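>>> Could you work out the structure for the sequence below:
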Amino acid sequence: MKILAILYKGGNAATSEPRLLGTTENQLGIRKWLESQGHEYIVSDSKEGADSDFQKHIVDAEILITTPFHPGYLTGELIAKAKNLKLCVTAGVGSDHIDLNAAVKNGIQVLEVSGSNVVSVAEHVVMSILLLVRNFVPAHEMIERGDWMVSDIARNAFDLEGKVVGTIGAGRIGYRVLQRLMPFDCKELLYYDYAPLPEAAGKAVNARRVEDLKDFVSQCDVVTVNCPLHEGTLGLVNAELLKHFKKGAWLVNTARGAICDKDAVAAALASGHLNGYAGDVWNVQPAPKDHVLRTAKNVLGGGNGMVPHYSGTTLDAQARYASGTKSIVENYLSGKAQEPQNIIVGIGKYESKAYGQR
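Numbers count the residues shown, from 1 in each chain. Predicted structure coming up:
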């Protein structure tokens with residue numbers, strides 16, 4: 001059986017650090033195991049264009065392993081060519097780089113390692129909120145330049161205490177963000193989600209649900225995006241919605257880049273309507289060198305907390321999603337039932353509501 005994995009290149013870091021399991025060098029730690037059973041295991045970071053390893057090998061691979069951090073975009077057109085493909089495994093969480101509707105139509109199962117990165121991403125969200133609200137990045141850049149002007153930083157630095165913070169999406173990650181914000185004594189914690197939290201869960205974080213999105217953002221000092229990307233969330237945070245944000249609000253997106261309109265966000269920063277934007281997700285990954293969000297700034301020349309997509313691929317997260325990937329593949333090879341929480345698309349139907357109400 002041919003198993004194809006599209007992972008990111010780790011270079012010298014992966015050579016010297018074997019715990020970087022999600023790289024082409026360390027191959028999720030499953031090569032010996034697969035080859036000992038007689039399977040062919042192709043691992044590459046080449047994913048763009050007709051001559052890429054991805055497109056060459058997808059035509060006869062039975063299992064495809066991909067990662068959100070260097071996504072191999074499995075389109076409906078490629079699925080039509082993948083005559084042997086039976087299983088797609090996302091090594092991590094987030095399978096929006098796969099045409100899920102085409103997978104349903106063609107009887108291809110799509111699974112991901114549910115929960116493998118939820119703590120990692122939730123921690124990154126809280127870090128990003130703090131670095132924006134406290135104006136950390138310009139302060140650090142000032143020190144690197146050899147300058148020292150406290151007032152230039154303090155004029156746009158605030159406390160998180162007393163602020164209203166809201167999450168778009170209150171699932172596994174969004175809920176953990178709310179939990180981690182509780183000790184900061186925010187004025188109020190809000191959430192926007194098509195499904196209300198169970199009563200006990202909502203009370204545990206003292207969070208209030210707001211059912212209208214424009215009303216929701218208008219109340220928040222900080223908005224954090226923690227929902228999957230699907231037809232209903234593509235371009236959700238656009239120029240029209242940004243008009244309803246509080247002037248000077250901060251926006252954090254560690255979900256998917258395409259949920260936020262990059263040009264609208266950059267314009268809102270430049271105009272002063274947004275005070276900051278942070279996250280690690282981009283509408284195209286790797287992000288082009290001239291991507292507007294690499295250098296977008298607020299009116300004071302700060303407010304940019306963007307980094308490469310790494311929040312969910314800490315060494316701890318990699319250990320979890322490598323182990324989970326092996327378990328999913330092992331279940332498939334042995335005919336065992338998969339863990340229900342990992343199944344996004346079963347055979348011919350959606351098994352999860354994470355990608356919208358189906």
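>>> buried set for stretch 339-347?
Of the residues in stretch 339-347, 342-346 count as buried by neighbour count, 16 or more other C-beta atoms under 10 Å. Using the backbone N, CA and C atoms, a C-beta is placed for each residue, glycine as well.
>>> Report the mean confidence score over stretch 230-242.
Averaged over stretch 230-242, pLDDT sits at 96.
>>> swap that for stretch 324-339, sorry
Averaging pLDDT along stretch 324-339 yields 98.
>>> which SS class is Arg208?
The three-state label for Arg208, taken from DSSP: H, G, I helix; E, B strand; the rest coil, comes out as strand.
>>> Kindly apply the preceding question to Lys83 instead.
Judged by three-state DSSP, the three-state class of Lys83 is coil.
>>> what about it, distance to Val59?
The gap separating Lys83 from Val59 is 7 Å, by C-beta to C-beta, to the nearest Å.
>>> Contact partners for the spatially most central residue of the chain?
Nearest to the geometric centre of the chain sits Ala255, at 3.8 Å (C-alpha atoms, centre = their mean). By C-beta atoms under 8 Å, 6 or more residues apart in numbering, the residues touching Ala255 are 168-169, 173, 225-229, 281.
>>> let's see it at 10 Å
Residues in contact with Ala255 (C-beta atoms under 10 Å, 6 or more residues apart in numbering) are 94, 96, 121, 125, 167-169, 173-174, 224-229, 233, 236, 279, 281.
>>> Likewise for Trp282?
Contact analysis of Trp282 by C-beta under 10 Å, 6+ apart lists 253, 256-258, 262, 288, 291, 293-294, 306, 308-309.
>>> Which pLDDT value belongs to it?
In this model, Trp282 carries a pLDDT of 97.
>>> same check, this time on Arg358
So, for Arg358, pLDDT stands at 51.
>>> Arg176 now?
On pLDDT, Arg176 comes in at 98.
>>> Please report how far it lies from Val237.
Per C-beta to C-beta, Arg176 is found 21 Å from Val237.
>>> same thing with Leu197?
In terms of C-beta to C-beta, Leu197 sits 22 Å off from Val237.
>>> With Thr24 instead?
33 Å.
>>> One more: Leu131?
Taking C-beta to C-beta, one finds Leu131 at 20 Å from Val237.
>>> The two - which one has more neighbours?
For Leu131 versus Val237, neighbours defined as other C-beta atoms under 10 Å are more numerous around Val237 (23 against 18).
>>> if I pick the residue nearest to Asp261 when sequence neighbours are not counted, what's in contact with it?
Distances taken as C-beta to C-beta, 6 or more residues apart in numbering place Asn238 nearest to Asp261, at 4.4 Å, with adjacent residues excluded. For Asn238, the contacting residues are 259-261, 263-265, by C-beta under 10 Å, 6+ apart.
>>> follow-up on the earlier one: nearest to His244, of the buried residues of stretch 339-347?
Ile344 (31.6 Å; C-beta to C-beta).
>>> Can you verify the closest one is assigned to a strand?
Yes - residue state for Ile344 (three-state DSSP) corresponds to a strand.
>>> so it sits right up against Asn101, yeah?
No - contact criterion C-beta atoms under 10 Å: Ile344 and Asn101 do not qualify, at 11.8 Å.
>>> Quick check: neighbours shared by the two?
350, 355.
>>> From the contacts of Asn238, which land in strands?
Using DSSP state E, no member of the contacts of Asn238 falls in strands.
>>> Going by residue numbers, what spans are strands in the stretch 201-350 of the chain?
Ranges of strands in the stretch 201-350 of the chain, per DSSP state E, counting those that start in this stretch, are 207-209, 222-225, 249-253, 274-279, 304-306, 343-345.
>>> To Leu64, which of the ones you listed lies closest?
Leu64 lies closest to strand 343-345 among those, at 12.8 Å (C-beta to C-beta).
>>> out of Lys83 and Val59, which sits in the more crowded spot?
Ranked by neighbour count (other C-beta under 10 Å), Lys83 and Val59 place Val59 first, with 14 against 11.
>>> What does the pLDDT read for the more buried one?
Model confidence at Val59 (pLDDT) stands at 97.
>>> any idea how far Gly107 is from it?
17 Å.
>>> which among the buried residues of stretch 339-347 gets closest to Phe158?
The shortest approach to Phe158 among the buried residues of stretch 339-347 belongs to Ile344, at 39.1 Å (C-beta to C-beta).
>>> Which residues are in contact with the closest one?
By C-beta under 10 Å, 6+ apart, the contact set of Ile344 is 88, 90, 93-96, 98, 100, 103-104, 109-112, 114, 228, 350-352, 354-355.
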